[in-house]
Every structure is written in C-alpha cells, then in structure tokens.
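[1] This is a predicted model, with the sequence first.
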Amino acid sequence: MNKIYLIIEREFLTRVKKKSFILTTLLTPLLFAALMVVPVLVQTIKDTDHKTIAVIDRSGLAQQALENTNELAFKFYPDATLDSLKNTFATEGLYAVVSIGELRNNTPSAVEMYAFKQPNLDVQKNIETRLERVVEQRKLDSYNISGLDTIMNSIKTQLDVKTFLWGEKGEEKASNSTVYMVLSYILSFMIYMFIFMFGNMVMRSVIEEKNNRVIEVIVSSVKPFQLMLGKIVGVASVGLLQFLIWIVLTLGISFIIGGIAAPSAPLPEQQEIVQQATQELGQSKDIIAMIAGINFLPIITSFILYFLFGYLLYASLFAAIGSAVENEADTQQLILPVTIPLIIGIFTMVHTFQYPDSALSFWASMIPLTSPMVMMARIPFGVPFWEVFLSLALLFFTFLAIVWFAGKIYRTGILMYGKKPSLAEMWKWLTYKN
Amino acid sequence: MSLLIAEQVIKRYNNHLALDGVSISVPRGSIFGLLGPNGAGKTTLIRIVNRITAPDSGQVIFDGHPLRADDVHQIGYLPEERGLYKKMKVGEQAVYLARLKGLSHADATAQLKTWFTKFGINAWWDKKIEELSKGMAQKLQFIVTILHKPKLLIFDEPFSGFDPVNVNLLKQEILNLKANGSTIIFSTHNMASVEELCDEIALINKSRVIVSGGLEEVRRKHGDNIVEVIYRGNEQALRGALSPAYTLLEQKEKNGQFISTIKINDPQPSNRLLQELIPHVEITGFREVIPSMNDIFIKLVS
C-alpha cells in the first residue's frame, strides 16, 4: 500500500508542478469567464456614430414619426429626387437615403432605403418601427373610440405555465424542464470530457514509461498492477484538483468582472435593456426558486460516484492500450473499441435530456460503458432509487472485472517491445502466468 | 552456501519456450556470469528472479527460502533496457526510486549525497534527466541500483554506454561491492570482462543451461589438451622427437627461440611430453593453453 501511495504522490506532484498545468489551470477559468461575460458586454456596445439620413417623404407622415435622436439626424428633402441625392451623397455626408411613398394602406414596399454601403440593421429596424407605430396610431385614431389607449394597454397579456411536481408525501415542488435539461446536459458532458481527457492522460503516461525504458526499473520494485492503479488514481487526483480550482476561479472571476461591468450600466441607451431585464426578472426569480428547489445532494453524490467508477473503468482500458504500444501514433487502431462506447454514450445523452424515461435512455443508463454519461443526464429529472442503485452496482462490478482484465494485459504489454500487437495477441496475454 | 538457487524453471510464452528446465546456483559473495546469445532466455530468468514475471513451473530459492514478494527489497537490478523519467530532477528521481525499494526519504537522501560526492556529481542534483548525457544517466542508474545495499545485485550489460575510464571506475566499484559481501549476477556479451570479474558462470543457449561452474574449471574443461613449448635448438629435432601421441599444430620463431603449439591426443600427464622433449631441445618455457571464454562461447553456441 505504501508503494501505491508513493506512485500516486509522484504522478500527482510531477503533473501539478508542470508549467503547462499551472497555466491551463489558471487560464481556462479566464476563458470560461470570458465566454460568459464577453457576449453580455458586447451586447451593450452599440454603434454610436452620428448618422445623417436623407428622407424624401411623399406620405406627409414621416416628419412626425422620424424625430432626431442622439445618433440619428433626419434631413427632409421634399423636392429632391433619388438621383440628385445620389450625386450629393458624399458631399453632404449622408448615411442613407430613405424614400417614403404612400403609407395609408398596407403597402409593405412603400418605404425604400438607398446607400452605397449596407446600412446597419439597427438603423433599418429603428425607421421601420417608428413608421409602423405612426401608421398604426393613425389607423386606430380613425376608429374614433375614446380611451382606446387604455384599452390597448389593459389587454396586453403574458402567460407562463408553471409546472409543479408532487413528491411522495404529497408536497409540491416548482419544476422547470429547461433548467433540468441544461443541468442534465452539463453534468453528463462533464463526465464525458473528464473520462476522455484524463483517460488519455493515463495512456500517454504509460506509453512514456515504456518508451523511456524506465518501466523495467520500476517493476523490479513494485507490482505492475500497483503501478497501474497508482497512476490511475494519481491522474484522477490531478483532475479533481484542476476541476475544483476551475470552479472556484470561474465563479470568482465572473463575480469580479460582473462587479466592474454592472455600475457603469445605466447609460441612456442601455436603459431599455435594463427595463427589459426587469420585466424578465419575475421569470428569473422563479428559475432561482426552482434551482433552489432542486435537491443537489443526490445529484452531486451520484456525479462523484459515476465520475469515479466511469473514469476508473475507462482509465484501466486506456492504460492497457498504452501498455501495448511504444508511441502514441500506434494507439489509433487499438483505441477505437474504447472510444466507440464513449461516443455512443454522448450521442445517447443528447436523446436522453429530451426523453429521460425512454427505453433507450433506460437501457443506456444501465449498460456500464455508457451509464456514467446517460444516467447523469437522467438524474436531474428524477430517477427511481433502485435504477440508480442497480446501474451503480453494474458499473462497479464491471469496473472490477475490467481492472483485472486490463491489469493482465498491462503487465505483459509493458515489457513487450518490437512489433505492435493485434487485439487477438493482446487477448492471448490474458493466459500468461505472472 | 548459495544465496540464490533456481530449480528446474520453465517459462512458456504462447508457442515459444523461453526457459526449459533451467537450474542455476549462485554462491554467496561471488560474481556470477550469466552468459548466452541474444534471445537465449537470460532476461526472462532475470525477470523471474526479480518477480517481474512468474515461472510456469520450478522454483527460486532466495537466502534459504522460496522467493517472496518483499525479497525485491534485497535485490538491486540494473536492466539492459534502462531509462529514467526525463522531466524529473536527478535528486527527486533517485530518491523516488530508492523509496520504492523500501528506503525512507531521509535515508535515501543521505546515502545519495554520499554517493554523489564519491562520484563527484553533486552539481547534478537539481538538473533534469533530459539535460544529462547518456553516460551520466547510466552512472545515476548504477548508484540507484546499489543504493539500498541489496544482498543480490543483478547487472545486465552494465558497461554499455560508458567510456573506458568510467568502465574501469565501475569495475572497481563492482569488485568493492563483492568485497563488502554482495552477491552479483553479471550478464554481458563482453567475454573479456567475464574473465576479469566472474568467479562462476552459467551459459544459457536455446532456453537451457549448457555449461555452468567455476570460471577456471569451465575454461580448463573446454581446453583441448593443448600446450605451448618454448625452446632453443633445432626445430627438426623437436618434430622428430614427437611420438604419434602428439600433434604439432603450429610452429613459429621469435627472437631466436621457437614456439610450438602441441596437442596431446590421449589424456596423459603433460610431464611425459616434457620428458620426451628434454633430451632433444633446450626448453625455456612450457604452459598449458587454456581457451578464452570468447572461444568457448563461440564453440558452444554456434
């Protein structure tokens, strides 16, 4: 046991002390935070250049609708033609020319916009909306109904269907399938990513030892099985540490950036966005209530269990493959039988987070090679305890069998040099007495 | 009394028999040469002694008891295919390997410092392995192999990659280890160093031991009863004096003396040959020609 501990310690420390580890561990959260914060910041940045737009108005309504704003100045040319404005476009510093025809009837093509460069969508929408409003107002006014504005406001309706789940004791709990779907996707994708990333790390490390010829020195002191397990556990602790640092840093950085960005928010142009946000706040309060209503303990517990056993299972397979080859280029063909179930798992997961209780989801969450991903995708929606238990038990016993099997291949493989073995030859190694 | 005994060891891989009833016995405090051509099964036998792999049948007795798992702490093994973790620092790596052999962190560090001083390589401690030359890395591996003061040392081609100065340094260290009571198994293709260092040998060919025993005994046994006579006088007289029981193989002249190589055909004391020759020529030298290990190796293996 003491030797396994020494191996774990070495595997852990040599990785953690590497510059590349420190860099990726510190930079990745910055990247995550940037991914979360930058789109929000970009959204608040608007084109604030001052633009002059020439208007040829034949409807007589535009003057009232198109008032100058901070960014847009409208110049009216009642007598000009498109051709004359085209000639003076540059000298007058125009951004675009809007030609307005008859607006009283429903004539969608009555307004045209001309420019030398594609006008920006905001400007176009702005003009559209304002003209629409004026025409609508005109039409409403023509009905001559008193107090119509109040009526119009009072009939505006927004309806959200809220869902509640009944617990076993008859209590109600707010639920939201979108929240569950997002959670389900994140959890199961994280399991996939970890298994793949750290499984590969184990494989590379096995190949490195064999390639360096350090392996024979080591196995004259420890059993190959101890070396394999120590390596797998060592890499797993690196993974968990990195994961924890990422979570803490990502949250920290998001808060800091959020804190800097928020106070500068209420610029006049942004007020509209703020208002919109306030409207949505009612809804997001519900979501927060919902998230608070989710029982995270079983989710986190099962995440750790599925990550652990899923990783152990796959990492032993990756180690067995690494032991059979002398460089990474040779792994491609051998690795296929290991990556295929992983990929099947991730594809099934895409189905599962929409249909968590389908037959496919059920069976894929029982079969040990796909269960870590698929069961994790089902768990946020609520899965009967016996199913989780059965799936974990199957995973655990398969893990034991696979580690035994991988250990046999590993201890023969690490001392074999020369020709790259076929899968059939690796199968024969199982019969060697060690 | 033997430190290590292998009895009727058989090891099979698929259809290939790597060891076919191999028995050896390594006396305590000796240097034991394990010889044989490539692919003969030496490495397999060494791996079995190190418990890296297990025999299909037969057994290994170490220090009076069947080989146990914790006996590896009493064995130091320098494999032929040897390497180190490239990215680790020299000191860290040496301490790690020593701890795997059961030394405590403090003991390992203290002993390493002693050895590093002895070999004049203290400056290496914080270098990375990849910064060392091949010879430097080999030196480090040698130190790590012997650091935990094992009862049994196994060196597989220990001199490969060393310059002649360091080969001598290493030979001296190996003899020192023997003088301090270590038992050493020495596997090599360099027969000159076998003659220089080994007390006993075993020659493995095609998965079996074909010759074993004390070095001198083996060499003598494989001598073909050939003697070398140095004399002054008439070479024709010598030729005429030889009875049919002897065959003259070679005759050459050097500094006014003749050197004749003579094979004694029937087993008989070499004194009788002397008696036959003395009346005819003036003998200044007489010695038995013992074949070199190189000759024996080539004769037995090819």
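    Received it, and whenever you're ready, just let me know what you need. As the structure is a computational prediction, the values presented were derived from the model and not from experiment. Numbers count the residues shown, from 1 in each chain, chains lettered A, B, ... in the order given.
[2] Show me where the stretch 151-300 of chain B has its strands.
    In the stretch 151-300 of chain B, the strands defined using DSSP state E, counting those that start in this stretch lie at B:152-156, B:183-187, B:200-205, B:208-214, B:226-232, B:246-254, B:257-264, B:282-289.
[3] meant to ask about the stretch 101-250 of chain A, not that
    Under DSSP E, counting those that start in this stretch, the stretch 101-250 of chain A gives strands at A:111-114, A:163-166, A:172-175.
[4] and the second one, average pLDDT?
    Pointing back at strand A:163-166 there. For strand A:163-166, the mean pLDDT works out to 73.
[5] That strand pairs with which strands?
    Paired with strand A:163-166 in the same sheet, following DSSP bridges, are strand A:172-175 (antiparallel).
[6] Let me see the mean pLDDT of the strand it pairs with.
    Taken as a whole, strand A:172-175 has a mean pLDDT of 66.
[7] Kindly report the same for stretch B:33-41.
    What stretch B:33-41 shows for mean pLDDT is 89.
[8] ok, is that stretch in contact with chain A or not?
    No. Stretch B:33-41 stays clear of chain A (Cβ under 8 Å from any Cβ of the partner chain), getting no nearer than 11.7 Å. For the C-beta atoms, the positions are set from N, CA and C on the backbone; glycine is no exception.
[9] what does that stretch contact?
    By Cβ atoms under 8 Å, 6 or more residues apart in numbering or on different chains, the residues outside stretch B:33-41 that reach it are B:11, B:18-19, B:22, B:24, B:42, B:45-46, B:185-189, B:191, B:194, B:197-198, B:200-207, B:215, B:293, B:297, B:301.
[10] List buried residues within these.
    Among those, the ones that count as buried by 16 or more other Cβ atoms under 10 Å in any protein chain shown are B:11, B:18-19, B:22, B:24, B:42, B:45-46, B:185-188, B:191, B:194, B:197-198, B:200-205, B:207, B:215, B:293, B:297.
[11] one step back: out of the strands of the stretch 151-300 of chain B, flag the one nearest residue B:100.
    Closest approach to residue B:100 among the strands of the stretch 151-300 of chain B is made by strand B:152-156 (16.1 Å; Cβ to Cβ).
[12] Could you tell me which residues of chain A lie near chain B?
    Residues of chain A lying near chain B by Cβ under 8 Å from any Cβ: A:3, A:6, A:10, A:14, A:18, A:208-209, A:212-214, A:216-224, A:415, A:417, A:428, A:432-434.
[13] List the contacts of the nearest residue to residue A:30 once chain neighbours are set aside.
    Nearest residue to residue A:30, sequence neighbours excluded (Cβ to Cβ, 6 or more residues apart in numbering or on different chains): residue A:253, at 6.3 Å. Residues near residue A:253 by Cβ under 8 Å, 6+ apart: A:29-30, A:32-33.
[14] ok, so what distance separates residue A:253 from chain B?
    With distances taken as Cβ to the nearest Cβ, to the nearest Å, residue A:253 is found 30 Å from chain B.
[15] Now the helix or strand hosting that residue: buried residues?
    Here residue A:253, judged by DSSP states H and E, is contained in helix A:224-261. Under the neighbour-count criterion of 16+ other Cβ under 10 Å, helix A:224-261 has A:224-236, A:238-240, A:242, A:246, A:249-250, A:253-254, A:257 buried.
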